[in-house]
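Undergrad: task: produce atomic coordinates for the following.
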Amino acid sequence: MSRRQIILASATVLVAGGTMFGAWRLMAPAESVADAALPVPPFPPRIAQGADYESCLSTLAADPMSAIAMADSWQTAGGGDGAAHCRGLALVAAGKPDLGADVLEELAARSTAPALARASVLGQAAQARLMVGQAAKAAADATDALDLAPDDTELLIMRATARAQLQDFAAGIADLTEALRQDGSRVDALVSRAVMRRKLNQLDLAQADIAQAITQDPGDPDALLERGILRQRMGDRSGARADWERARGIDPNSTTADLAAQNLALLDAGQARQ
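TA: Numbering: from 1, shown residues only. Below you'll find the model as predicted:
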């Protein structure tokens, strides 16, 4: 999926939910946010209400440039938080996530909206920063959001993703451990923690996380992909092959399937994935 497609997909879910952060998975083998979709919770807190706000948001996916123009005109007429929010999201949808994040951060800083709504906006800014590889700024936004919403599991997972991009795996593991304390059903957090533990060469702990993830969801392709990596690291080439073949077959058109195919090619070539 191209960066443009990802951004427009983001805009679509923004219209549905009014926010952009949600179950952000640290893709186990890819360890990159470039190919990650941006799912959202169905009923997030919103920083504004009203027909103009809904109209502006509804334009994002189909015509982000028109949404920017609409937001600018509305802001000139005193649109306030709603206009600024739509403008920030429209910039993200138009392929300018860094500029959109600037707008969203400024909005969260000056708004007098409830804490959860401002945390939602900061979460959107953090995801926009991740889209362009600005992990340090993403981590800072997620931290500010967690100050407003300390029990938000999604924000913890997002900050862990940013910290992983910064190679701060210990801090990422701490965030994911807290996220799992809040919600032990999060397979994505288990897989992400396994990746980070593998990066720190904590293979026994990584294997335990993956075993739990697969127990909870035997068909999770990212869990299977990561288990294959761990099995190969432990010398179990046949087990790795089985996991990667299964991961590839679950959704043949996905990034996970592509990575599984690459791993299988490396296995056939006799190279070990690190």
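Undergrad: what's the offset of stretch 238-246 from the middle of its chain?
TA: A distance of 26 Å separates the centroid of the chain from that of stretch 238-246, by C-alpha atoms, centre = their mean, to the nearest Å.
Undergrad: buried residues in stretch 86-103, which are they?
TA: By neighbour count on 16 or more other C-beta atoms under 10 Å, the buried set for stretch 86-103 is 86-97, 99-103. Where C-beta positions appear, they are placed from N, C-alpha and C, glycine not excepted.
Undergrad: for the stretch 1-150 of the chain, give me the ranges with low pLDDT.
TA: 1-44 (pLDDT under 70).
Undergrad: and the helices in it?
TA: 3-17, 51-59, 64-76, 80-93, 97-110, 115-131, 135-148 (DSSP state H, counting those that start in this stretch).
Undergrad: for the ones you listed, give me JSON lines that also has distance to residue 185.
TA: Formatted as JSON lines, the helices of the stretch 1-150 of the chain follow (distance: least, C-beta to C-beta, whole Å):
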{"stretch": "helix 3-17", "distance to residue 185": "21"}
{"stretch": "helix 51-59", "distance to residue 185": "30"}
{"stretch": "helix 64-76", "distance to residue 185": "35"}
{"stretch": "helix 80-93", "distance to residue 185": "29"}
{"stretch": "helix 97-110", "distance to residue 185": "29"}
{"stretch": "helix 115-131", "distance to residue 185": "20"}
{"stretch": "helix 135-148", "distance to residue 185": "20"}
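Undergrad: pick the most deeply packed of those.
TA: Comparing these by mean neighbour count (mean count of other C-beta atoms under 10 Å), helix 115-131 comes out on top with a mean of 27.
Undergrad: and that one, what does it pack onto?
TA: Counting contacts by 3 or more C-beta pairs under 8 Å, 6 or more residues apart in numbering; DSSP states H and E, helix 115-131 is packed against helix 3-17, helix 80-93, helix 97-110, helix 135-148, helix 153-165.
Undergrad: for residue 241, which non-adjacent residue is closest in space?
TA: residue 267 (6.1 Å; C-beta to C-beta, 6 or more residues apart in numbering).
Undergrad: I'd guessed residue 222 sits against residue 191; true?
TA: Yes - in this structure, residue 222 is within contact of residue 191 by C-beta atoms under 8 Å, at 5.1 Å.
Undergrad: how about the contacts made by residue 206?
TA: 193, 194, 195, 197, 198, 226, 230 (C-beta atoms under 8 Å, 6 or more residues apart in numbering).
Undergrad: now with 10 Å?
TA: 191, 193-200, 226-227, 229-230, 233 (C-beta atoms under 10 Å, 6 or more residues apart in numbering).
Undergrad: helix or strand for it, which one?
TA: helix 203-216 (DSSP states H and E).
Undergrad: ok, then the element right after that helix?
TA: Helix 203-216 is succeeded, C-terminally, by helix 221-233 (DSSP H and E).
Undergrad: relative to the whole chain's centre, how far out is that following helix?
TA: That offset, for helix 221-233, works out to 20 Å (C-alpha atoms, centre = their mean).
Undergrad: could I get the next helix or strand after it in PDB with only the CA atoms?
TA: Following helix 221-233 in sequence order, the next helix or strand is helix 237-250 (DSSP H and E). Extracted in PDB, the C-alpha atoms of helix 237-250 (Å, rounded to 0.1, in the frame of the first residue of the first chain):
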ATOM      1  CA  ARG A 237      14.100 -24.200  10.400                       C
ATOM      2  CA  SER A 238      11.200 -26.500   9.700                       C
ATOM      3  CA  GLY A 239       9.000 -24.800  12.300                       C
ATOM      4  CA  ALA A 240      10.000 -21.400  11.000                       C
ATOM      5  CA  ARG A 241       9.000 -22.500   7.500                       C
ATOM      6  CA  ALA A 242       5.600 -23.800   8.600                       C
ATOM      7  CA  ASP A 243       4.800 -20.500  10.400                       C
ATOM      8  CA  TRP A 244       5.900 -18.300   7.500                       C
ATOM      9  CA  GLU A 245       4.000 -20.400   5.000                       C
ATOM     10  CA  ARG A 246       0.900 -20.200   7.100                       C
ATOM     11  CA  ALA A 247       1.300 -16.400   7.700                       C
ATOM     12  CA  ARG A 248       1.700 -15.900   3.900                       C
ATOM     13  CA  GLY A 249      -1.500 -17.900   3.200                       C
ATOM     14  CA  ILE A 250      -3.800 -16.000   5.600                       C
END
